[in-house]
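1. Take this sequence and fold it.
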Amino acid sequence: MTAAVTSPAGPAGPAGPATVRGRGSRPLAGTWPLLRLALRRDRVVIPLWVGVVALMVVSMPGSLKSVYSTAAERTELARQMLTNSSLRAMYGPVFGDSLGGLVAWRIGAYAGVFAGIMSLVVVVRHTRDEEESGRQEMVSAGMVGRRAPLTAALLAALVANTALALLITAGLAGQGSSGALALGLGTAGVGMVFATVAAVVAQLTESARLAKGLTGGLLGAAFALRAAGDSSVSDGSSVLTWLSPVGWLENLRPFAHERWWVLPLFAAAVTLQGATAYELAGRRDVGMSFLPTRPGPAAGRLGTAGALAWRLQRGSLLGWSLGFLAAGAAFGGVTKGATDLVGDNERTREIIERMGGQSGITDAFLATMVGMLGMVAALYVVQSVLRLHGEETSQRAEPVLAGAVGRLRWAGGHLLIAFGGAVLIMLLGGLGLTAGYGRSLGPILGACLVQLPAIWTIGALAVLLYGVSPQVAPAAWAVAGTALLLGWIGPALDLPAPVLDLSPFGHLPRLPGGEMTWTPVLALTAIATTLAAAGLTAFRHRDLTTG
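-> Residues are numbered from 1 along each chain as shown. Model prediction:
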């Protein structure tokens, strides 16, 4: 197959203005068919992302109303935020004491972060991922303009964020149409900012995995900047807050005398970053990048399948480890103000105790934070297990397995990093939580380790899905996401116990502070072992990439 593009740097050159043969004057030719294809391919993923994020936002008024039912309680909460820097770092300041204002305070920043994750996944999937798999080269050999794939990817992200903005606006219209529109536009604005960030990074890197990792790191840095700024001042005026797109959403102030003049910041960032991505896309060949992948190590350093798996996954594990250490420290700092936040509010105390157990409020809050770390760690395990899926579908696994490497040895290297990595990140999360809180190292580390059987159960289910068929393996994300939603918003929505028990985390003892019971821990460990064994058995007996 001949390359569809040429450049002064040669067919493999990363730089130099590329010229598409016969289509140089039509760089956007084929955009609409590619957009329709992208939306068709994401007909499940995009609605799922949009629906989950919108549900998180629009369900919040009901749960907050049950906690802060009177104007006096809401005013007292806003007053407490003026002096509680640790809680401001986690949620941001309260700008309005209406129910809508509390929704924007409680969920606004997190909705923006989830919109950013959704957007970067969509853009990288339809740009760098397509090039890495070789499909983009075949598409570009037809009547497709040079910038059409990038345009289609950004339009797909725009469709997803527009749908999210409409659902948030409609769902919160009862709290005030102006505030609902501001929150919807701000959330979509954050999503589009990171869609264009992903578009730029996809031009710089040669790996879809690295593009997602770098963009996700920038998104995490934006949240950290917002948190650092809000912890220092109580009105969102910190320079650090204004340096973050998540801080722009906060300073848009939905339901609190909206600052509509903040919206052009989103538009300017999207325009500038989008123009940069378009310029870079025109200066490289398909499949190439401005930051090429470093060559592999010399012979002898990757003598086993496990060593190869470690090389492929060590960067991801390092990022998760640092993230858990930082998140644990932040949660530990918030714990110091938990008692002040709850005060005499019995409904808040009840929610925290439903999530963290019936012990004292501080121990219950710590148990809640440990549980959150555990549910997020399940996402790491799923990601790490599904690296097997990525290696197989990209046809990199077949050359390895064609040699003297058995399937179980090959899969076992990745699973060791997945399940063992969960132990590492939970220990680091516990260390961070202890450092932020200032005491209780043993009980907190023990509580973190108790989360492992539930984490492993979700990871083992991912192994089973992958072993049965690579086509159904991505459904493991839905399992992990459901467990996260049940644990995060289930107690606030007062869902019945049988629904909450659908998550394996609902069966674990609430530590620290609660009573340690070994039966559910051992039962979940046995279930995880059985599911993983069944998945590996299925994998041994099926064809590669055919299911």
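2. Leu312 - nearest residue in space that isn't next to it in sequence?
-> Nearest residue to Leu312 in three dimensions, chain neighbours excluded: Arg387, at 6.6 Å (C-beta to C-beta, 6 or more residues apart in numbering). Where you see a C-beta, it was placed from the backbone N, CA and C, and this is true even at glycine.
3. How about the secondary structure of the residue nearest to Leu102 when sequence neighbours are not counted?
-> Spatial nearest neighbour of Leu102, excluding adjacent residues (C-beta to C-beta, 6+ apart): Leu64 at 5.0 Å. The three-state label given to Leu64 by DSSP: H, G, I helix; E, B strand; the rest coil is helix.
4. Going forward, the N-terminal residue is numbered 14.
-> Done: numbering now begins at 14, and the last item shifts to Leu77.
5. The residue nearest to Leu325 and Arg222, how far apart?
-> Arg400 sits 8 Å away from Arg222, going by C-beta to C-beta, to the nearest Å.
6. next one: Leu171
-> Taking C-beta to C-beta, one finds Leu171 at 24 Å from Arg222.
7. before we move on, what about Val246?
-> For Val246, the distance to Arg222 - C-beta to C-beta - is 37 Å.
8. Looking only at neighbour counts, state which of these two leads.
-> Each of Val246 and Arg222 has its neighbours counted (other C-beta atoms under 10 Å); Arg222 has more, 19 against 15.
9. Tell me who's in contact with the more buried one.
-> By C-beta atoms under 8 Å, 6 or more residues apart in numbering, the contact list for Arg222 reads Ser329, Gly403.
10. what about it, helix or strand, and which?
-> Using DSSP states H and E, Arg222 maps to helix 221-245.
11. buried ones in that helix?
-> Within helix 221-245, the residues that count as buried by 16 or more other C-beta atoms under 10 Å are 221-229, 231-233, 235-240, 242-244.
12. same check, this time on stretch 263-278
-> Buried residues in stretch 263-278, counted by 16+ other C-beta under 10 Å: Glu263, Asn264, Leu265, Arg266, Pro267, Phe268, Ala269, Glu271, Val275, Leu276, Leu278.
13. do stretch 395-413 as well
-> Val395, Gln396, Ser397, Val398, Leu399, Arg400, Leu401, His402, Gly403, Glu404, Glu405, Ala410.
14. For my notes, confirm the second one occurs in a strand.
-> Spelled out, that is Gln396. No - per three-state DSSP, Gln396 lies outside any strand segment and is helix.
15. so which helix or strand takes in the nearest residue in space to it that is not next to it in sequence?
-> Leaving aside its sequence neighbours, Gln396 sits nearest to Ser329 (C-beta to C-beta, 6+ apart; 7.0 Å). Assigned by DSSP H and E, Ser329 belongs to helix 318-348.
16. by contact count, what packs against that helix?
-> With contacts defined as 3 or more C-beta pairs under 8 Å, 6 or more residues apart in numbering; DSSP states H and E, helix 318-348 has these neighbours: helix 98-104, helix 221-245, helix 374-398, helix 400-406, helix 420-450.
17. for that helix, which positions count as buried?
-> For helix 318-348, a neighbour-count test (16+ other C-beta under 10 Å) marks 318-319, 321-323, 325-326, 329-330, 332-334, 336-348 as buried.
18. One more: stretch 458-472?
-> Quick answer for stretch 458-472 (16+ other C-beta under 10 Å): 458, 460-472.
19. Please state the backbone phi and psi of Gly526?
-> Gly526 adopts backbone torsions of phi 100, psi -30, taken as degrees, to the nearest 10.
20. From Ala85, how far out is it?
-> 31 Å.
21. out of the two, which sits in the busier spot?
-> Gly526 (21 against 10).
22. Only alpha carbons, please: show stretch 277-291 as CSV.
-> Only the C-alpha atoms of stretch 277-291 are listed here, as CSV (Å, rounded to 0.1, in the frame of the first residue of the first chain):
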residue,chain,number,x,y,z
PRO,A,277,-15.2,33.8,26.0
LEU,A,278,-12.2,32.3,27.9
PHE,A,279,-13.4,28.8,26.9
ALA,A,280,-14.0,30.0,23.3
ALA,A,281,-10.5,31.6,23.1
ALA,A,282,-8.8,28.5,24.5
VAL,A,283,-10.7,26.2,22.1
THR,A,284,-9.9,28.4,19.1
LEU,A,285,-6.2,28.7,19.9
GLN,A,286,-5.7,25.1,20.7
GLY,A,287,-7.8,23.9,17.7
ALA,A,288,-5.7,26.2,15.4
THR,A,289,-2.5,24.8,16.8
ALA,A,290,-3.7,21.2,16.2
TYR,A,291,-4.7,22.0,12.6
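23. what's the pLDDT at Val18?
-> Predicted confidence (pLDDT) for Val18: 41.
24. swap in Pro504?
-> pLDDT for Pro504: 66.
25. Also Ala281?
-> Reading off the model, Ala281 has pLDDT 96.
26. what helix or strand is the most centrally placed residue in the chain on?
-> Against the mean C-alpha coordinate of the chain, by C-alpha atoms, centre = their mean, the closest residue is Ile130 at 5.2 Å. If you go by DSSP H and E, Ile130 is part of helix 112-138.
27. now swap in Thr470 and tell me
-> helix 465-481.
28. what sits against the nearest residue to Ser397 once chain neighbours are set aside?
-> Using C-beta to C-beta, 6+ apart and skipping the chain neighbours, the partner closest in space to Ser397 is Ala431 (3.6 Å). Shown in contact with Ala431 (C-beta under 8 Å, 6+ apart): Gln326, Tyr393, Val394, Ser397, Val398, Arg400, Gly472.
29. Let's see that with 6 Å instead.
-> Val394, Ser397, Val398, Gly472 (C-beta atoms under 6 Å, 6 or more residues apart in numbering).
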